[in-house]
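Enquirer: sequence? don't have it. structure:
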């Protein structure tokens, strides 16, 4: 079954709102195994809407509309479809009662055009709207399936979930289960990851393996179709294993994990406390960690030491060390990590120093970052980054790399002990 | 000129990402007077992309593409267009050098497929990508204008603004000048702002006055069309004045100002130094301030005091104060601001404490936040927020409100002295 989603509304074409409905509907259709081939957005103009529907009828079996079911003159979705299919519009009694009840409840006056919202395509299955007035519709005609949904996401999303999906599963007769597994990477670019797992990307059909890049991380999504959840999991397991054998060192988590949630899970789960001394990141590392609810038992706090004077006074970094090695150095990162750990009495201390940009800092080129991690009584380990983004991209990436190295360090140390 | 925006990428059809590019491009085109008639989304499939382009050629004069310019085999936008228009792809020397420099700088290995990103349509105007590797292109052929942009919004948006818009204004032969003036608000919701300036919104046509809301701030964009820049400015000035007389107390800046850039401008311009003690925000306030280049002369640093023990030990907050008033209190915010100011020897100290959620903190309901600002020898002022978002929305808004109050406080104090 090939699907197309047509969103109707001039406010979309003016960029006043984003078409989140198409993304929501697509994600849910993917999960039930229906392929979406096109999204179209068209304004509140009956001729152009008719053209868009004519095109969709040629290339899709299932056409899902969102928007244009409201009470105003601009709202013309069902009128246009009725005209094209030679179908009447008739008042739906239940929908009309619901609209009347809504106005009674809110004490507002019902105007004549509100009755228009109770009109539905003759012969269609009415989809109840629990969060607004316009009912949805599902209609099969000439081998095509038409589903009409209201535009506001808070009305459309629950209607799609509780009314449209069961309708589609009932009519499409599918018994397939779709299971996705997401592997999350850091410290490797999309192109390099694809290059390294190319053989898997090319040969895999079930599960499919798809890479996806966000500004500073990459994921691989494994999606299997099978008769049962268990059977789908069995298809995924060996492919995941093969991927891990190739690029496992860059995987920091799976599914809903984020760098901060994974770091927090390891900290809290192992009752480890942490503090940080941040220079270029100025608090970003701690703020990202504090994104995770429940972190307060592990995150003691830390110090932002933005100028040299503060570094020396607040964290007892000797002036001679800064003179000899500079602020952007492995030695400074080591001292920051060690001294903040001692000052806050934590198990782990993290130090971050670097040249964020736009100008070089202390003779070091923009993008040079040193991260120090002091883990219990171990020697402090340091990591160097050479970043190439804007000032703020560099600062964000430095904080994320610190989370990534922290995760690797905890996994390594915990495995050893 | 009729425009259509074609976004290319299977991840859009799978609902993994939302087509924010179409909304962004549409909003900017609306501002320069170009009408968008359709948005289309198509997957990484050359045949279906070709079909979509054929349709667009019939109904649009300007076709703008986003996505499909990456290094992988899936990325086929320019290849498909080249084939359809009978145009060659040729390596762009500047783009190739930029890609090579990127890999040299980051120490990563350039693979063969990265070279593909430097290929551009013969005869096209190359649009520079300042935030990624794939260059954009603009090409006119057979009376149609094709603009190709990369998919990642952080690459596409600046390219569209600084490269595509000037190209479009240059080629569209328009002699009109379009001047925009943005007024930026904090501490007022979109609905209330619209209500208060309703009379202006309704009567204005040149300049147009358009409100735009992001999750936690609101802007008004005044856009005037005239023969010269000067004439456009003259149209804008009296309307801006009228808006300021109605809601001026909520305006923190204009145009490219952000809360942090405005705060930094006032700090650095007046040679004021600052430090902060952050509890619920855990570094977000300092990190936002450090977003601004040049802040290092003013930002001394600060302390993240996430647990009670750290507050007492690192900032000498008396246990009796915490026992009597609690951690989430005006008294605690006052002590944090005063003590961090003294510890770092700065002119201004900011203290942030509150209950971010998901659970109440120290008996105070989720969303309760106290901000303290110690300004030179003045009494510490405190501000209370009652926020209603998620944990992380509350933390971000607390940091932004602290910047907003800091701006107001500096303006007030500087005006008095």
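Expert: Nice, I can see it. Fair warning: this is a prediction, and the values are worked out from it, not measured in the lab. Numbers count the residues shown, from 1 in each chain, chains lettered A, B, ... in the order given.
Enquirer: quick one: which helix or strand includes the closest residue to chain B within the stretch 101-250 of chain A?
Expert: Relative to chain B, the nearest point of the stretch 101-250 of chain A is residue A:191 (4.6 Å; CB to the nearest CB). Glycine gets a C-beta too; all of them are placed from N, C-alpha and C. Assigned by DSSP states H and E, residue A:191 falls within helix A:190-196.
Enquirer: would you mark the buried spots in that helix?
Expert: Buried residues in helix A:190-196, counted by 16 or more other CB atoms under 10 Å in any protein chain shown: A:190-196.
Enquirer: wait, what's in contact with the closest residue to chain B within the stretch 151-300 of chain A?
Expert: With CB to the nearest CB, the shortest gap between the stretch 151-300 of chain A and chain B falls at residue A:283, namely 2.3 Å. Residues counted as contacts of residue A:283 (CB atoms under 8 Å, 6 or more residues apart in numbering or on different chains) are A:304, B:278, B:282-287, B:290, B:302, B:304.
Enquirer: ignoring the adjacent residues along the chain, who's closest to it?
Expert: Distance criterion CB to CB, 6 or more residues apart in numbering or on different chains; nearest residue to residue A:283, sequence neighbours excluded, is residue B:283 at 2.3 Å.
Enquirer: distance of that neighbour relative to residue B:2?
Expert: Distance, residue B:283 to residue B:2, by CB to CB, to the nearest Å: 49 Å.
Enquirer: please look at the residue of the stretch 101-250 of chain A closest to chain B and residue B:115 and confirm they touch.
Expert: No. Under the criterion of CB atoms under 8 Å, residue A:191 makes no contact with residue B:115, lying 10.9 Å away.
Enquirer: count the residues that sit near residue A:54.
Expert: By the other CB atoms under 10 Å in any protein chain shown criterion, the neighbourhood of residue A:54 contains 10 residues.
Enquirer: which other helices and strands does the one helix or strand it maps to contact?
Expert: If you go by DSSP H and E, residue A:54 is part of helix A:46-59. Contacts defined by 3 or more CB pairs under 8 Å, 6 or more residues apart in numbering or on different chains; DSSP states H and E place helix A:46-59 against strand A:2-8, strand A:35-42, strand A:62-66, helix A:77-85, strand B:35-42, helix B:46-59.
Enquirer: single out the most deeply packed of the ones you listed.
Expert: strand A:62-66 (a mean of 27; mean count of other CB atoms under 10 Å in any protein chain shown).
Enquirer: do that strand and chain B meet at all?
Expert: No. Strand A:62-66 is not in contact with chain B by CB under 8 Å from any CB of the partner chain; minimum separation 12.3 Å.
Enquirer: which one of the buried residues of helix A:190-196 is nearest to residue B:403?
Expert: The closest of these to residue B:403 turns out to be residue A:190 (CB to CB; 34.6 Å).
Enquirer: which residues of the stretch 301-417 of chain A lie near chain B?
Expert: By CB under 8 Å from any CB, the part of the stretch 301-417 of chain A that sits against chain B consists of A:301-307, A:309-310, A:314, A:343-344, A:357-359, A:367, A:386-393, A:395.
Enquirer: could you list which of the residues you listed belong to strands?
Expert: Applying DSSP state E to these, the entries found in strands are A:301-305, A:386.
Enquirer: before we move on, back to that, need the helices and strands packed on helix A:46-59 in CSV with mean pLDDT and distance to residue A:259, can you?
Expert: What follows is the helices and strands packed on helix A:46-59, written out as CSV (pLDDT from 0 to 100; distance: least, CB to CB, whole Å):
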stretch, mean pLDDT, distance to residue A:259
strand A:2-8, 97, 33
strand A:35-42, 97, 31
strand A:62-66, 98, 34
helix A:77-85, 96, 43
strand B:35-42, 96, 30
helix B:46-59, 97, 35
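Enquirer: can you list those in TSV and add distance to residue B:296?
Expert: Output for those, formatted as TSV (distance: least, CB to CB, whole Å):
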stretch	distance to residue B:296
strand A:2-8	47
strand A:35-42	46
strand A:62-66	49
helix A:77-85	56
strand B:35-42	43
helix B:46-59	48
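Enquirer: ok, the host helix or strand of residue A:218: who's next to it in the sheet?
Expert: Assessed by DSSP H and E, residue A:218 sits inside strand A:217-226. Partners of strand A:217-226 in the sheet, by DSSP bridges, are strand A:177-185 (antiparallel), strand A:208-214 (antiparallel).
Enquirer: how far is the first one from where the chain is centred?
Expert: Relative to the centre of its chain, strand A:177-185 is centred 13 Å away, using CA atoms, centre = their mean, to the nearest Å.
Enquirer: swap in stretch A:95-105?
Expert: Chain-centre distance of stretch A:95-105: 37 Å, with CA atoms, centre = their mean.
Enquirer: wait, is residue A:44 part of a helix?
Expert: No. Counting by DSSP: H, G, I helix; E, B strand; the rest coil, residue A:44 is not found in a helix; it is coil.
Enquirer: near residue A:112, how many other residues are there?
Expert: 7.
Enquirer: any idea how far residue A:118 is from it?
Expert: Separation of residue A:112 from residue A:118 (CB to CB) stands at 12 Å.
Enquirer: same check on residue A:333?
Expert: Taking CB to CB as the measure, residue A:333 falls 68 Å from residue A:118.
Enquirer: of those two, who's got more company?
Expert: Neighbour comparison, residue A:333 and residue A:118: the larger count goes to residue A:333, with 30 against 22 (by other CB under 10 Å).
Enquirer: same for the helix or strand containing the more buried one, what does it pack against?
Expert: If you go by DSSP H and E, residue A:333 is part of helix A:330-344. Contacts defined by 3+ CB pairs under 8 Å, 6+ apart place helix A:330-344 against strand A:274-278, strand A:299-305, helix A:308-315, helix A:319-325, strand A:348-354, strand A:368-375, strand A:381-386, helix B:308-315.
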